[in-house]
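Peer 1: everything below, folded, please.
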Amino acid sequence: MKDTLGVLLAGGAGERLYPLTRDRAKPAVTFGGIYRIIDVTLSNCVNSDLRRVYILTQYKALSLNRHIREGWNIVAREMGEFVEVLPPMKRVSDQWYQGTADAVYQNIYSIGSEQPRHVLILSGDHIYKMNYGLMLKQHNQSGADVTLGTIQINPDETYRFGVIEVDPDNRVTGFEEKPTVTRLRAPGNPDKVPASMGIYLFNTDVLIPILLKDAEDESSSHDFGKDILPKMVDDYRVYAYDFVDENKKEALYWRDVGTLEAYYEANMDVVSISPVFNLYDEAWPIRTHQRQYPPAKFVFEEPGRTGQALDSIVSAGCIVSGGTCRYSLLSPDVRVNSYTEVDCRIRRAIIDRDVHIPEGTTIGFDPESDRQKYFVTDTGITVVTRDYSLFENPVTVDYFTSE
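Peer 2: I've put the predicted structure just below:
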C-alpha cells in the first residue's frame, strides 16, 4: 500500500440526512455513540496499512475539519504518512465540485505531487469493514487499469445502486445506473446482482488522462459511476472486486447511511445484543477522537425512579439520573433526568446534540403532532435538532451584549 494514495470524498451536502446535515457535513454526523461516520472508512484505511489519505471537503466542513485535526494525527508524518484535509482550491477550475470525478480532477495537482502508482477513491458515508490491501492484490494480479469494489444485492434493490455486468473472470463488461429492473446477475449466483460500492482503485497513469478528458467534455456530469467508468469498459481493463467482509459475521455488512432511515437502522445495529456491526473487534478497531469526559454514571434506585439503561450503549460523560433507557444509544455528555422513559415516552427518534427536551414531552407516538415541532420521515422516524443558529455551538444572549 506504500505506492497507493487514498482519496476520500467527503464534500457532499447530504440532503437526504437533513436536518442532521443542516449544520455539518454528512461524514461528520455522529455514529455509534462516540464516532463520526467518516471514522469507519478512515479506520479501514489505517487497518489496511493505507497511510496516505487526502480528504476532499466542501460543504459545512468546520466540525469535520476539527475532528480530523484532533483525532487523526496518528500517522507518522516523518515517514511520509498523512491524513490531510484538502478544501476546494479552484486550482484548475472556477467551479465548486460538480461531481465525484470533478472533485478528484480539481485536486489533480495534489495527487500528482505524491506520485502514487495507484489511487484508491473512497466515500466517507458508508459503514463497513474492508481490507483494501486484498483489493489491491487482485488488482495487480489481474493486470487491471481500474478495479471496482462490488457487493451482491437482491434484484429488487437495484433502483438504489449502479449495477454492473461481470464475466466469470471478474472483468466488467457493462453498466446500468439505478435500473428498476435488470437482467444482470452475478456470475455463479443467479439470485444476486453485482452492485458498485463507490470504491474505485485506479492506476494513476490511467486516472489522470481520463480525468483530463472528462473535464473537457461539456456533456458529462463528471461522475465516476455515470460517466467515466461506463466509457472505460471497451478500451481499458476494468475489473470487479467482490466485497470481503472483515466484520466476521455470517451476513456481509455494508450500509449506505445516506438516508435518515438507513442511519437510524445502522445505529440500532450496533445496539443489538449480538451487534450486527461489531465495534468490539480488537483485530479491526474503529478509531476516533474522544474528549476527556468522566465515566458514565447511573444514579437513584427508587420505585419508578431508577437510573438504568437496558439493551443500550451509554457513552462517557453521560448521567442517567433516575430515568430508564431501552434500546437506546447515548452519545457523550447526555443527561437523562428522573422519570424519563426513553423508548416508552420517546421512541424511534434521533436527538441531535445541544437539545433540551422539557419535562413531560412525548416523541414518536403522534406523527402529526411531532411534525409541528420536529422533522418526521415518511417511515415515522422523528429527528429533533436545536434551533437554527449562525454558530456551531449554542451561545447565550450575554454573548451579544457588552457592558
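
Peer 1: hey, which helix or strand in the protein has the poorest pLDDT?
Peer 2: Least confident element among the helices and strands of the chain, by mean pLDDT, DSSP states H and E: strand 341-342 (a mean of 84).

Peer 1: list the helices and strands that one packs on?
Peer 2: Strand 341-342 is packed against strand 324-326, with contacts defined by 3 or more CB pairs under 8 Å, 6 or more residues apart in numbering; DSSP states H and E. Heads up, the C-betas are built off the backbone N, CA and C, glycines and all.

Peer 1: pairing partners for the strand it packs on, with directions?
Peer 2: Using DSSP bridges, strand 324-326 pairs in its sheet with strand 308-310 (parallel), strand 341-342 (parallel).

Peer 1: what about that strand, average pLDDT?
Peer 2: Mean pLDDT, computed over strand 324-326, is 92.

Peer 1: so what's the gap between it and the chain middle?
Peer 2: Taking CA atoms, centre = their mean, to the nearest Å, the mean C-alpha location of strand 324-326 is offset from the chain mean by 27 Å.

Peer 1: in it, which residues are buried?
Peer 2: Residues of strand 324-326 classed as buried: 324-325 (neighbour count, 16 or more other CB atoms under 10 Å).

Peer 1: what's next to the helix or strand that it is followed by, contact-wise?
Peer 2: Following strand 324-326 in sequence order, the next helix or strand is strand 329-330 (DSSP states H and E). For strand 329-330, the external contacting residues (CB atoms under 8 Å, 6 or more residues apart in numbering) are 32-33, 267-268, 270-271, 309, 312-315, 318, 320, 336.

Peer 1: all strands of the stretch 51-200 of the chain, in order?
Peer 2: 52-56, 82-86, 118-123, 126-128, 146-153, 162-166, 172-177, 193-203 (DSSP state E, counting those that start in this stretch).

Peer 1: ranges for the helices of this structure?
Peer 2: All helices of the chain, identified by DSSP state H, fall at 37-47, 62-71, 100-105, 108-114, 132-142, 204-215, 229-232, 260-271, 367-371.

Peer 1: identify whichever of those helices lies nearest to Y239.
Peer 2: Across the helices of the chain, the minimum distance to Y239, taken as CB to CB, is reached by helix 132-142, at 5.0 Å.

Peer 1: nearest residue to the middle of this protein?
Peer 2: Geometric centre of the chain, nearest residue: D125, 1.9 Å, by CA atoms, centre = their mean.

Peer 1: what sits against the residue lying closest to that residue once chain neighbours are set aside?
Peer 2: Nearest residue to D125, sequence neighbours excluded (CB to CB, 6 or more residues apart in numbering): K26, at 5.1 Å. Counting by CB under 8 Å, 6+ apart, K26 touches 10, 12-14, 17, 37, 59, 124-125, 258.

Peer 1: before we move on, the earlier item: now render the helices of the chain as a markdown table, adding distance to Y54 and mean pLDDT.
Peer 2: Formatted as a markdown table, the helices of the chain follow (distance: least, CB to CB, whole Å; pLDDT from 0 to 100):
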| stretch | distance to Y54 | mean pLDDT |
| --- | --- | --- |
| helix 37-47 | 11 | 96 |
| helix 62-71 | 11 | 92 |
| helix 100-105 | 9 | 93 |
| helix 108-114 | 6 | 94 |
| helix 132-142 | 15 | 97 |
| helix 204-215 | 13 | 95 |
| helix 229-232 | 21 | 92 |
| helix 260-271 | 25 | 93 |
| helix 367-371 | 41 | 93 |
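
Peer 1: isn't V244 up against Y132?
Peer 2: No - the pair V244 / Y132 is not scored as a contact, 10.4 Å apart, by CB atoms under 8 Å.

Peer 1: setting aside sequence neighbours, what's the nearest residue to H126?
Peer 2: D256 (5.6 Å).

Peer 1: how about G322?
Peer 2: S338 (3.2 Å).

Peer 1: who are the contact partners of that neighbour?
Peer 2: By CB under 8 Å, 6+ apart, S338 lies in contact with 300, 305, 321-323.

Peer 1: mind doing that once more with 6 Å?
Peer 2: The contact partners of S338, taken as CB atoms under 6 Å, 6 or more residues apart in numbering, are 305, 321-322.

Peer 1: and the pLDDT for I273?
Peer 2: Model confidence at I273, given as pLDDT, is 84.

Peer 1: now do the residue lying closest to G323 once chain neighbours are set aside against T30, distance only.
Peer 2: Using CB to CB, 6+ apart and skipping residues adjacent in sequence, the residue nearest G323 is T340, 3.5 Å away. Per CB to CB, to the nearest Å, T340 is found 20 Å from T30.
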